[in-house]
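Trainee: what follows is a protein structure lacking sequence information:
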Ligand SMILES: [Zn+2]
């Protein structure tokens, strides 16, 4: 038996999730990681077995095509925040789905869904 208190808690959770959804910041899908690479200068130590240069490739698949673009250090925090917002959005979708299923299950048959 679902208590009115339980229903109210679910509705409150749904309202909080919807409010956060509406505050979703700019976002993007993608993966950024550190990769050691050669710079391409033939005289650099990296071309002769020396230490390589850390780079930040950004991999994004759009329309079935994966593109890679190196992220500048100055862009790193912004790009990582966009990607984090993308993952948070999906977490919100999952949580909202769970709450809505619980609300659907909690309503007695014949009562309209708000
Ligand atoms: Zn180099």
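Mentor: Okay, I see it. It should be emphasised that the depicted structure is a prediction, and the values quoted were computed from it without experimental measurement. Numbering: from 1, shown residues only.

Trainee: residue 89: neighbour count?
Mentor: A count of neighbours around residue 89, defined by other Cβ atoms under 10 Å, yields 16. (C-beta placed from N, C-alpha, C; glycine too.)

Trainee: make 4 the starting number, not 1.
Mentor: I'll keep to 4 as the first residue from here, and by that count the last item is residue 92.

Trainee: avg pLDDT for the lengthiest helix in the chain?
Mentor: Ranked by number of residues, the top helix in the chain under DSSP state H is helix 76-109. Averaging pLDDT along helix 76-109 yields 97.

Trainee: give me the buried positions along it.
Mentor: Neighbour-count burial for helix 76-109, counted by 16 or more other Cβ atoms under 10 Å, picks out 82, 85-86, 89, 92, 98-99, 102, 105-106.

Trainee: can you give me the offset of that helix from its chain's centre?
Mentor: Its chain's C-alpha centre and that of helix 76-109 lie 6 Å apart, by Cα atoms, centre = their mean, to the nearest Å.

Trainee: about what we covered before: want to throw the buried residues of helix 76-109 into TSV with distance to the ion?
Mentor: Below are the buried residues of helix 76-109 laid out as TSV (distance: Cβ to the ion, whole Å):
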residue	distance to the ion
82	23
85	29
86	28
89	33
92	38
98	46
99	48
102	52
105	56
106	58
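
Trainee: just checking, what packs against the longest helix of the chain?
Mentor: Here helix 76-109 touches helix 7-25, strand 34-35, going by 3 or more Cβ pairs under 8 Å, 6 or more residues apart in numbering; DSSP states H and E.
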